[in-house]
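Colleague: build me a structure from this.
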Amino acid sequence: MRRYYEFAVAVILIGILALMLMRSLGEARLAMEEATVQSVAAAMRIELLEAVVHRETTGAPLPASANPVDWVSARPAAYLGERDAAPEQTSVWYFDRSAGELVYRFDDGHRARFRLTREGGAGQGRAVIAGIGLARLEDKTD
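Modeller: This is a model prediction of the structure:
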């Protein structure tokens, strides 16, 4: 009978450890997804700066589009294009026409939002040339 109790305790401990591991893996997955979003945004900022510098040196006009993807040569992976409403898919990029925002929809449903800024200034912070930049807005949850 004692063996059954030992086995039950071992199963309970393994179950608790498995649950803790699953929770930690889920948190790590979300952190990796956030890091990926940040790296894509950083790459887009660099491409925006390159586009602005190129156009400033050649005298060509800047694009009129509010969609930062139209300004860069490389689109983010899983970019769905311009949309009027949020898509059902997760882990995708899209441009919300009504809000004028580039959005990444995370696997858990919350959304990272970015806006192309044309008026940049002292408070803008990251990577702004000639007032053009990519600002991250407050995340939204569904």
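Colleague: from residue 103, how far out is the most centrally placed residue in the chain?
Modeller: Centroid check for the chain by Cα atoms, centre = their mean gives residue 37 as the closest residue, at 3.3 Å. Distance, residue 37 to residue 103, using Cβ to Cβ, to the nearest Å: 10 Å. Glycine gets a C-beta too; all of them are placed from N, C-alpha and C.
Colleague: on the three-state scheme, the residue nearest to the centre of the chain is what?
Modeller: helix (DSSP: H, G, I helix; E, B strand; the rest coil).
Colleague: tell me where the model's unsure across this protein.
Modeller: Residues of the chain meeting the criterion pLDDT under 70: 120-130.
Colleague: hey, where'd the strands end up in this protein?
Modeller: 79-83, 92-96, 101-105, 111-117, 133-136 (DSSP state E).
Colleague: packing partners for the last one?
Modeller: Contacts of strand 133-136 with other secondary structure elements, assessed using 3 or more Cβ pairs under 8 Å, 6 or more residues apart in numbering; DSSP states H and E, are made with helix 2-58, strand 111-117.
Colleague: could you give the number of residues near the closest residue to residue 40 other than its chain neighbours?
Modeller: Distances taken as Cβ to Cβ, 6 or more residues apart in numbering place residue 76 nearest to residue 40, at 5.0 Å, with adjacent residues excluded. For residue 76, the tally of surrounding residues (other Cβ atoms under 10 Å) stands at 20.
Colleague: can I get the helices and strands packed on strand 133-136 in JSON lines with distance to residue 142?
Modeller: Converted to JSON lines, those look like this (distance: least, Cβ to Cβ, whole Å):
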{"stretch": "helix 2-58", "distance to residue 142": "15"}
{"stretch": "strand 111-117", "distance to residue 142": "7"}
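Colleague: please report how far residue 108 lies from residue 140.
Modeller: 12 Å.
Colleague: okay, and the common contacts of residue 37 and residue 103?
Modeller: residue 112 (Cβ atoms under 8 Å, 6 or more residues apart in numbering).
Colleague: check contacts around residue 141.
Modeller: 109-111.
Colleague: and those residues, which is closest to residue 14?
Modeller: Nearest to residue 14, judged by Cβ to Cβ, of the contacts of residue 141 is residue 109 at 31.2 Å.
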